[in-house]
Every structure is written in C-alpha cells, then in structure tokens.
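Engineer: Test case, fold it:
(one chain, ligands or ions: 1)
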Amino acid sequence: MTPSHKLLLVDILLFSLIPTQLCKICAIDEEAQNPPNSEWIQGSCASHSPTSPADNPKKVGFQVTSQNCRQKISEESHSRLDPLLNTMINSEYTSRTQPANVLLSLRLAGIQSQDLSQQLFKQVRDNVATKEINLSSGQLALIILALGACYSPDEIFIYDNHLLGHLETKFQAEIENMGAHDGSPLTNYYQLSLDVLTLCLFGGSYSTTQVAEIFAPDNKNYYFGDHFFVDTGAMSVLALTCVKKSLMNGQTKAAKEDLKKIDSHLQSLVKKILSEKKENGLIGNTFSTGVAMQALLVSSDYYRESEWDCQQTLDTILKEISQGAFNIPTAAAQILPALMGKTYLDVNKDSPCVSGFGTFNVSIHTPKSVTPANSPSNISVRYSVKIDETYSTNITVPSGSVFLDVMEEAQKKNRTIFGFTMEQSSWGPYITSVQGLQANNNDRTYWELLSGGKSLSQGVSSYVVHNGENLEVCWSKY
Ligand code: B12
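Structural biologist: Numbering: from 1, shown residues only. Sure thing, here's the model as predicted:
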C-alpha cells in the first residue's frame with residue numbers, strides 16, 4: 001500500500017459499534033436459537049460459496065440475539081485503540097499471514113473500508129495463489145477465516161479454490177504426523193485448533209470423535225513442561241465451542257458421547273485458563289490475553305461471574321496499548337476483536353459483523369517512543385549461546401537496539417559459534433537454527449530467548465536490549 005493510499009484509508013475508516021456496557025461478563029446468547037445447550041516456562045538451560053449458514057446446512061452459525069451481553073468501548077475510549085489500528089494498517093507486512101490476521105480482525109471489529117478490504121483481500125489472495133502448497137494448516141485456516149468473515153463477497157474465493165478441501169487434507173496430515181511422531185503434530189495445537197474451528201464454522205469435514213479424543217486437556221501439546229499454554233488452550237476453547245454447538249442436536253449415541261467429552265474438556269480448559277489470571281487482570285501474558293478473553297466470552301457457562309473481572313483485564317490492556325505493547329500487526333490484530341466484544345465465532349453469525357449503531361472517524365497517531373531520554377549512545381551486553389556448553393561474548397550496540405542486532409553483531413565476530421538462521425513469521429523473524437542446530441517440531445526442540453535467565457515474551461526483532469544485560473539463546477525443549 002502506498003503512503004497516500006494509507007492516509008486515504010485512514011480517513012475513511014469507520015467504526016460501527018455494538019451497544020451496551022463495557023466488559024460485562026456475558027455469553028453469546030445461543031439458547032434463544034438453540035436450546036442448551038506467557039508467560040514462558042524456563043527451558044532446560046534457564047535458571048529455571050454459500051452466503052449464509054442457511055445456504056450451507058453444515059455451516060455452524062452463531063446468532064447473537066441479545067446485544068445486552070456485549071462489551072462497549074465508550075466513545076472516549078475509541079482513540080485509545082488508535083495505536084492498534086495504526087500498527088495494523090500502516091505496517092509493511094513481512095509474512096504471508098499478517099494480511100489475513102489484519103483482515104479478520106478489522107472485519108470482526110466492524111471497521112469498514114472498501115479500499116482497505118480490497119487491498120488486504122488482494123494480498124491474501126496472492127499469497128494463496130502462489131504459496132498455498134507451502135502454507136501450514138493454521139495459516140490456511142486463518143486465511144479462510146479472514147476471507148469468509150462477515151459474509152464478505154470474498155467468501156466465494158474459498159469455494160472456487162477448494163480451500164476447505166485443502167484444509168481437510170492438511171488437518172489429516174497433522175494427525176498422521178502425531179501418529180508417527182509420538183503425538184507431535186506437524187505444527188502445534190494452536191494451529192490444530194484453528195483448523196477445527198475453521199472446518200466447523202465453514203462446514204468442512206472432520207471427525208468429532210477424533211476431535212474429542214485429541215483435544216483432551218491432559219494432552220502434552222497444551223503444555224510447555226508442566227506449564228499450560230494459555231493461547232493454545234484458549235484457541236481450543238473456541239474450536240470446541242463450535243464443535244459442541246454442531247453436536248447439540250445430534251441424536252446418535254456416538255454424537256452424545258462426543259458431546260459429553262467435549263463438554264468436559266471445555267470445563268477443564270476454561271478452569272486452566274482462569275488459573276493463569278494475573279493480579280493485574282492479564283491472562284497468561286499480554287499477548288495471550290486477547291485470545292483468552294475471546295475464550296472466556298464464549299464460555300461463561302463454565303465459570304461464575306466473580307471468577308473473572310473482565311473490566312480489570314480490559315483496563316490493563318488499554319494501558320498496555322498506550323505503552324506501545326501491541327506494535328506488531330499480528331499482536332494488534334489478535335487483541336482488537338476481544339476489546340470490541342467479538343470472538344472468532346462471530347465470523348459466521350447470522351448477520352453482518354457491522355452493526356449500524358454509530359460511526360466515527362479514527363485518527364491515527366504514532367505511539368510515543370519508549371526509548372528513555374539521556375540514554376548513552378552505545379550499550380554493552382553479554383550474549384551467550386547455550387547448547388551443552390555455553391559460548392559467550394561481549395557485544396556493543398547502539399542504544400535502542402533489539403535482540404536481533406546483538407545476534408548479528410556476534411555473528412559478524414564469529415560465524416561458526418554465533419551463526420544463525422531465521423524465517424519470517426506473522427510475529428516477525430523466528431530463530432530456526434544457531435550453530436547449524438535446527439529447531440524441530442517432531443522433537444519439540446526450539447531456540448529459546450532469555451534475559452538474565454528469564455524467558456522473554458517477545459521475539460528477536462521486538463525485544464529492546466539494555467545496558468549490562470545478560471542475553472542468551474538456549475537450545476530448549478517444550
Ligand atoms: C506454538 C508457539 C510456539 C512454538 C513454535 C513451534 C511450533 N511447534 O509451532 C514454540 C514453543 C517453539 C514457540 C517459541 C517461541 N515463542 Co511462541 N507461540 C506459539 C503460539 C502458541 C502459536 C503460534 C502459531 O502457530 N500461530 C498460528 C500460525 C498460523 O501463525 P504463524 O505465524 O505461521 O506461526 C508461526 C510463528 O508464530 C512462529 N512462532 C511461534 N512463536 C513465535 C514467537 C516469535 C517472537 C516469532 C517471531 C515467531 C514465533 O511459529 C509458528 C509456527 O511456525 C503463539 C501464540 C499466539 N498468540 O500467536 C506463541 C507466541 C507467538 N510465541 C511467543 C514467544 C514470545 C515465543 C518465544 C520468543 C519465547 C522465548 N522466550 O523463546 C519463542 C521464539 C524464539 C525464537 N526461536 O525466535 C509470543 C510472541 C509475543 C510477541 N510479542 O512477540 C506468543 C504470542 C505467545 C505469548 N502469548 O507470549 N512458540
């Protein structure tokens with residue numbers, strides 16, 4: 001997108017809001033239509049085209065019948081979301097799924113702009129056209145969710161290109177890989193959840209019995225050692241909620257058994273998510289809170305109102321937004337829907353995502369820089385690569401540098417010891433190998449980032465390093 005194009009888009013961005021009070025715990029009122037129904041652990045080396053559900057009977061549509069159970073961001077709070085919109089719209093997208101993440105988020109939040117939608121659609125479509133074969137299952141699922149969200153005409157692209165069939169195949173490949181590699185999927189359970197959610201919402205084929213079996217809450221793929229992955233558990237809650245709804249009217253014994261199991265999984269997963277609630281209201285960490293909020297918004301049958309102070313979570317997130325925490329398009333895209341009281345299950349609700357409640361212009365401001373004044377122009381850090389042995393060096397970089405700058409400096413000094421590779425992902429560059437040692441999903445190995453022995457909650461291109469800091473990349477298992 002050209003800068004002038006972006007400016008034009010910013011000018012014409014419109015919000016349409018769902019009324020009612022801010023952050024009341026609430027469930028999607030399905031009953032009227034359908035009766036009832038990171039924090040990171042320390043690694044081993046840390047010190048520690050149909051157009052509506054009616055047209056496609058297999059599609060699961062979520063009807064919101066009660067507007068009273070939705071959040072409302074008050075008018076005064078609108079401008080507090082500007083940094084999110086700025087990041088989503090004005091960034092250069094460096095990975096194939098960033099445009100899909102952004103398109104899905106803007107559509108769910110009810111932000112309308114023909115031009116912006118068309119630009120994003122074009123990018124998503126081009127990615128599918130040229131790279132579909134190489135997309136992971138979850139990447140394809142996200143693309144389908146974005147294209148199909150809110151009954152956009154783009155939905156036809158899904159059916160014309162048989163994207164659901166491709167997703168079914170990729171989902172089965174994930175399960176086959178689990179059979180061959182001690183229960184490890186090709187990707188991870190966050191992506192398997194995205195797969196099931198998408199197949200469920202868009203009427204794709206999958207076995208509910210298989211889903212009930214693999215998504216049992218004691219499955220190792222929900223955990224990092226004995227630490228629960230909040231993002232993954234939350235995405236599973238969204239997927240299982242959709243599957244549960246699809247089974248509600250099932251009469252067969254098998255359907256009833258699957259429903260019972262899924263209901264019990266939901267109960268347990270929601271409990272685990274709530275147990276990761278922090279004193280300030282975050283659930284897991286800053287970046288898992290968006291999807292955790294979505295999970296809690298659709299699962300209020302499974303907890304008491306007193307168990308989650310949604311208002312506190314929202315206030316903390318708004319504060320974090322003002323401090324520039326969501327400065328990656330994917331981070332911004334993941335948090336926005338929940339702030340608008342929306343979830344990925346709303347992708348298929350029976351009415352367009354946009355309600356005609358009101359419109360206003362959004363003005364975009366660049367978030368304030370967080371670099372402290374009077375910082376020295378150069379800083380020194382200690383950098384180590386840890387495998388069985390530890391290889392360390394001192395590195396000097398300009399103040400304001402990120403972890404990646406340190407790694408690059410170290411690599412210049414000694415490529416054999418500090419050489420590394422990375423690949424672009426929706427969160428930025430992901431470190432895939434150091435010293436030629438390659439991360440591997442089948443073995444559940446990866447390169448963990450640490451500072452002062454603590455696992456970081458940001459990646460190499462986001463984490464700003466500090467003078468005197470002790471940085472490590474550590475060969476770890478999850
Ligand atoms: C699964 C997962 C992992 C797996 C990835 C391997 C696997 N088996 O797939 C493991 C456990 C190894 C992992 C590692 C890390 N992760 Co991680 N991960 C996730 C998770 C749960 C799902 C990612 C996914 O599949 N998305 C869906 C697909 C469709 O999108 P994708 O872009 O194609 O996905 C790829 C990338 O996301 C990449 N990836 C995974 N984590 C990270 C982190 C960063 C910073 C980057 C750049 C890429 C990346 O792996 C995915 C599969 O290839 C997300 C949760 C979330 N809310 O998104 C966290 C998440 C993205 N991870 C996070 C972090 C912080 C990390 C680490 C930096 C932790 C650390 N201290 O070392 C490392 C990455 C270090 C490195 N080598 O560069 C944060 C990122 C926050 C941020 N602001 O940057 C998230 C949001 C979790 C959280 N709530 O804090 N992660």
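
Engineer: which parts of the stretch 201-350 of the chain sit against the ligand?
Structural biologist: For the stretch 201-350 of the chain, the residues in contact with the ligand (C-beta under 6 Å from any ligand atom) are 229, 231, 232, 284, 285, 287, 288, 291, 331, 334. The way it works is simple: take the backbone N, C-alpha and C, and place the C-beta from them, glycine included.

Engineer: can you rerun that using 5 Å?
Structural biologist: 231, 285, 287, 288 (C-beta under 5 Å from any ligand atom).

Engineer: Using CSV, lay out these together with neighbour count and pLDDT.
Structural biologist: Formatted as CSV, these follow (neighbours: other C-beta atoms under 10 Å; pLDDT from 0 to 100):
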residue, neighbour count, pLDDT
231, 24, 98
285, 17, 98
287, 23, 98
288, 25, 98
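
Engineer: Pick out the most distant pair among these.
Structural biologist: 231 and 285 (9.1 Å; C-beta to C-beta).

Engineer: What is the burial count for residue 421?
Structural biologist: Counted with other C-beta atoms under 10 Å, residues neighbouring residue 421 total 14.

Engineer: That one: what's it in contact with?
Structural biologist: Shown in contact with residue 421 (C-beta atoms under 8 Å, 6 or more residues apart in numbering): 431, 432, 433.

Engineer: backbone phi and psi for it, please?
Structural biologist: Main-chain torsions, residue 421, degrees, to the nearest 10: phi -130, psi 160.

Engineer: Can you show me the strands along the stretch 201-350 of the chain?
Structural biologist: Assignment of strands within the stretch 201-350 of the chain using DSSP state E, counting those that start in this stretch yields the ranges 223-224, 227-228.

Engineer: if you compare the ones you listed, which one is most tucked away?
Structural biologist: strand 223-224 (a mean of 19; mean count of other C-beta atoms under 10 Å).

Engineer: Turn the contacts of residue 421 into a markdown table, including secondary structure and distance to residue 171.
Structural biologist: What follows is those, written out as a markdown table (DSSP: H, G, I helix; E, B strand; the rest coil; distance: C-beta to C-beta, whole Å):
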| residue | secondary structure | distance to residue 171 |
| --- | --- | --- |
| 431 | strand | 27 |
| 432 | strand | 24 |
| 433 | strand | 28 |
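
Engineer: from these, which would you call buried?
Structural biologist: Buried subset of these (neighbour count, 16 or more other C-beta atoms under 10 Å): 431, 432.

Engineer: Now do the contacts for the residue of the stretch 351-478 of the chain found nearest the ligand.
Structural biologist: Closest residue of the stretch 351-478 of the chain to the ligand, C-beta to the nearest ligand atom: residue 459 (2.3 Å). Counting by C-beta under 8 Å, 6+ apart, residue 459 makes contact with 403, 427, 428, 429, 430, 449.

Engineer: Got the domain ranges for the protein?
Structural biologist: Taking automatic domain parsing as the reference, the chain has its domains at 3-348, 378-477.

Engineer: ok, of the ones you listed, where does mean pLDDT dip lowest?
Structural biologist: Lowest mean pLDDT within the domains of the chain: domain 3-348, a mean of 82.

Engineer: Tell me the gap between that one and the middle of its chain.
Structural biologist: 7 Å (C-alpha atoms, centre = their mean, to the nearest Å).

Engineer: Same question for stretch 439-452.
Structural biologist: Between the centre of stretch 439-452 and the centre of its chain there are 19 Å (C-alpha atoms, centre = their mean).

Engineer: For the stretch 201-350 of the chain, just list every one of the helices.
Structural biologist: With helices called from DSSP state H, counting those that start in this stretch, the stretch 201-350 of the chain shows them at 208-214, 230-247, 253-275, 289-298, 310-322, 329-339.

Engineer: Go ahead and confirm residue 211 touches residue 262.
Structural biologist: Yes - between residue 211 and residue 262 there is a contact under C-beta atoms under 8 Å: 7.3 Å.

Engineer: Between those two, tell me which one has more neighbours.
Structural biologist: For residue 211 and residue 262, the more surrounded residue by other C-beta under 10 Å is residue 211, and the numbers stand at 25 against 22.

Engineer: Quick check: the gap between the more buried one and residue 170.
Structural biologist: Distance, residue 211 to residue 170, using C-beta to C-beta, to the nearest Å: 15 Å.

Engineer: dump the residue contacts of the residue positioned nearest the centre of the chain.
Structural biologist: Geometric centre of the chain, nearest residue: residue 334, 4.9 Å, by C-alpha atoms, centre = their mean. By C-beta under 8 Å, 6+ apart, residue 334 lies in contact with 101, 105, 287, 290, 291.

Engineer: Those into a markdown table, with extra columns for distance to residue 206?
Structural biologist: Listed next are the contacts of residue 334 as a markdown table, based on distance: C-beta to C-beta, whole Å:
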| residue | distance to residue 206 |
| --- | --- |
| 101 | 23 |
| 105 | 25 |
| 287 | 28 |
| 290 | 25 |
| 291 | 21 |
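
Engineer: And the nearest residue to residue 337 once chain neighbours are set aside, its phi and psi?
Structural biologist: What sits nearest to residue 337 in space, not counting adjacent residues and going by C-beta to C-beta, 6 or more residues apart in numbering, is residue 108, at 4.3 Å. Here is the backbone geometry of residue 108 (degrees, to the nearest 10): phi -60, psi -40.
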